[in-house]
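Chemist: got a sequence here, can you build the structure:
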Amino acid sequence: MRRRIRYVLLVVLLLLIGGWLIRTRLQGPAIKAGSYLLLDLKGTYSEGPPQDLLGSVLHRRDRTLIQLLTTIRMAQVDERIAGMIARVGQLEVGWAKIQDVRDALVEFKHAGKPLLALLEQEASASNKEYYLASIADRVYLSPNVTAPFNGLEAQFLFLGGVWDKLDIQMDVEKIGAYKTAGDMIANKTMTAAHREMANWLLDSLSRQFVDGIAQARGLDTGAVEAVINDCPVTPAEFQDAKLSNGIKYLEDLHGEIGGEETPLVRLDEYEHVAATSLGLDVGPKIGVVYGVGAIITGESGTGVNGDVLGSATAIEAINDAAEDTNVRAILFRVDSPGGSALASDLIWRATQEARKHKPVIVSMSDVAGSGGYYIAAGANRIVAQPGTLTGSIGVVLTRPNITGFLGNLGVNTQTLSRGKFADLDNVTTPLTPEGRQKLIAEMNLIYDVFVQRVASGRNLDAAAVDAIGRGRVWTGAQARDNGLVDELGGFRAGLQAAKAAAGIAATEEVQLVFYPRRKGLLERASELLNARLQAELPALVRSALRALPLPFESGAALTLMPERIDIR
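Modeler: Reported below is the predicted structural model:
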């Protein structure tokens, strides 16, 4: 009896808490006129729909990018918000996401509202953080922040020396001298083609970096380059170089804008404001389909290497958006480094079927490389940020022979077969010259289909696609120049393109409908556990895992893999 009473009391308590949470969200916080939004910018911002109440209950504190962009947009139109302080901490995102947030802050400023930035973090401020903060009307550094401003670098991990130590024979074939994912698996150093490509990517991003800061701070590019080479470190040196407006604590900044007369609204409070109360998220519907992670056949999910994009999940999402008569257009948000050739083609096919019903617009995030570009190539229009890494039209084959490795562990294998090439995918037998030619022929077939898909989608001939393909990676700015991308911009620009394609006025607000469906409690709890386990892995281990081909299946893994490029 007592146990039953305890259960009843627990249920009542949960209902009361749930009711309070829902009522709080529906009512929204009380915000005074003339308030400033305190926008904390730090950590990761994943691609995905905004959190619902269940997501909050599961303590998934990392906000999605769309949540952040929506919050900035809300503050832009909210008459109670007079301005914003962006407190910038360490950001673990790529250049395209930084540019997405930067674009949103520019729009906020265009509404006539002041924007102040405070670089405040435990680790030294890096290039990305300052690039983002520089767009503010005034930029301040906390007194104890050291701020090295030493330019961009790209670092590459080569695994070629690992296989000898493990007694593994690693066979790698690639189509395209620039398809350097294979080099990073099999080689110990850079090839000439790899170095050439890395340099043009570094040049493009460095140009965006320098030009963006120069324009924001009212300096010429030569002056910014000189400051970079001088490498100011202390906050005082930053101020002397005209990169900041001074050294302040947050309390000092609050005093500058009016102190107690100007209330500060914190982000975790402001995000409870309903977008509909500000006239946002209303009107015609646009479907937003997320294509995030390494591409595999089957279902999407989260693993040690991060998100995986399953073809079955993606196809279902695209089909659902295409079949919903209330959805006027599909915005396909791609943030994928590539993966399975088969899965990529299946997703591409779904976009072509969807186009029979309504426009499909691709918005590229940090990376849309190889298979990530494949699934985007058939869209009506492609939008990418200048800093998006995209292209890498090419194919990689990896086939390990692990007989020696197993032997060192005391494991012996024996194989019986029928057919000359029955052991083609057997990782305990060496690859014969004839077998290698069979696999290369398969690679050429996949590459030719890839080229045809791009040529058809981009209205180019196959020879032109091959000339910019062969594994080459481009920034979004370069991709627009060579015809792989239609226009530059972020999520907002992609949304405007979707509205235009659907015949919706540019000034009309729209309602976003997100795909794939929200996952249940158990699924999300499992993903939360995986994410926490991944966070516990040392950074070097994570880097090594990410350098491996995905999916790394038994047998020959023939994939549309990108080049692992991290420019910071």
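
Chemist: now for the closest residue to Thr221 other than its chain neighbours: which residues touch it?
Modeler: Leaving aside its sequence neighbours, Thr221 sits nearest to Ala214 (C-beta to C-beta, 6 or more residues apart in numbering; 4.7 Å). Backbone N, C-alpha and C define where each C-beta goes, glycine included. The contact partners of Ala214, by C-beta atoms under 8 Å, 6 or more residues apart in numbering, come to Asp220, Thr221, Ala223, Val224.

Chemist: and the second one, how far from Gly283?
Modeler: When you say that, I think you mean Thr221. Separation of Thr221 from Gly283 (C-beta to C-beta, to the nearest Å): 41 Å.

Chemist: count of residues packed around Leu346?
Modeler: The number of residues packed near Leu346 is 17, by other C-beta atoms under 10 Å.

Chemist: now Gly306
Modeler: By other C-beta under 10 Å, 18 other residues sit near Gly306.

Chemist: mind checking which of the contacts of Ala214 are buried?
Modeler: Ala223, Val224 (16 or more other C-beta atoms under 10 Å).

Chemist: helices along the stretch 251-400 of the chain, start to end?
Modeler: 267-270, 311-323, 341-354, 371-374 (DSSP state H, counting those that start in this stretch).

Chemist: counting contacts, what elements does the last one pack onto?
Modeler: I take that to be helix 371-374. Here helix 371-374 touches strand 327-336, helix 341-354, strand 389-391, helix 433-458, strand 557-560, going by 3 or more C-beta pairs under 8 Å, 6 or more residues apart in numbering; DSSP states H and E.

Chemist: buried sites along the second one?
Modeler: Within helix 341-354, the residues scored as buried using 16+ other C-beta under 10 Å are Ala341, Leu342, Ala343, Ser344, Asp345, Leu346, Ile347, Trp348, Arg349, Ala350, Thr351, Ala354.

Chemist: send me it as PDB with only the CA atoms.
Modeler: This file holds the C-alpha atoms of helix 341-354, laid out as PDB (Å, rounded to 0.1, in the frame of the first residue of the first chain):
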ATOM      1  CA  ALA A 341      29.000   5.300 -52.600                       C
ATOM      2  CA  LEU A 342      25.800   3.300 -52.700                       C
ATOM      3  CA  ALA A 343      24.100   5.200 -49.800                       C
ATOM      4  CA  SER A 344      25.100   8.500 -51.500                       C
ATOM      5  CA  ASP A 345      23.500   7.500 -54.700                       C
ATOM      6  CA  LEU A 346      20.300   6.300 -53.000                       C
ATOM      7  CA  ILE A 347      20.000   9.700 -51.200                       C
ATOM      8  CA  TRP A 348      20.700  11.500 -54.500                       C
ATOM      9  CA  ARG A 349      17.900   9.500 -56.100                       C
ATOM     10  CA  ALA A 350      15.500  10.600 -53.400                       C
ATOM     11  CA  THR A 351      16.200  14.300 -54.100                       C
ATOM     12  CA  GLN A 352      15.500  13.700 -57.800                       C
ATOM     13  CA  GLU A 353      12.100  12.200 -56.900                       C
ATOM     14  CA  ALA A 354      11.400  15.000 -54.500                       C
END
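
Chemist: next one: it to chain centre, how far?
Modeler: Here the centre of helix 341-354 is set off from its chain's centre by 20 Å, with C-alpha atoms, centre = their mean, to the nearest Å.

Chemist: what's the angle from that helix to helix 433-458?
Modeler: Put simply, helix 341-354 runs at 20 degrees to helix 433-458, going by axes from the mean of the first three to the mean of the last three C-alpha atoms, to 10 degrees.

Chemist: residues in contact with helix 341-354?
Modeler: 291, 295-297, 309-311, 314-315, 318-319, 321-322, 330, 332, 338, 360, 371, 374-375, 377-379, 395, 446, 449-450, 453, 558-560.

Chemist: got it, and the shortest one?
Modeler: Counting by C-beta under 8 Å, 6+ apart, strand 389-391 makes contact with 94, 96, 201, 364, 366-369, 372-373, 384, 468-469, 472-476, 479, 484-485, 562, 565, all of which sit outside it.

Chemist: in strands, which of the residues you listed appear?
Modeler: In strands, judged by DSSP state E, the following of the contacts of strand 389-391 are found: Met364, Asp366, Val367, Ala368, Gly369, Ala384, Val473, Trp474, Thr475.

Chemist: number of nearby residues for the residue lying closest to Ala198 once chain neighbours are set aside?
Modeler: Spatial nearest neighbour of Ala198, excluding adjacent residues (C-beta to C-beta, 6+ apart): Ala154 at 5.5 Å. Counted with other C-beta under 10 Å, residues neighbouring Ala154 total 13.

Chemist: tell me the bridge partners for Ala154.
Modeler: Taking DSSP bridges as the rule, Ala154 bridges to Ile567.

Chemist: that one against Ile565, yeah?
Modeler: Yes. With contact defined as C-beta atoms under 8 Å, Ala154 counts as touching Ile565 (6.3 Å).

Chemist: need the overlap of contacts for those two.
Modeler: By C-beta under 8 Å, 6+ apart, the residues touching both Ala154 and Ile565 are Ala198, Leu201.

Chemist: break the protein into its domains for me.
Modeler: 30-149+232-277, 283-561 (automatic domain parsing).

Chemist: TSV please, covering those domains and showing distance to Arg207 and mean pLDDT.
Modeler: Below are those laid out as TSV (distance: least, C-beta to C-beta, whole Å; pLDDT from 0 to 100):
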stretch	distance to Arg207	mean pLDDT
domain 30-149+232-277	12	89
domain 283-561	8	87
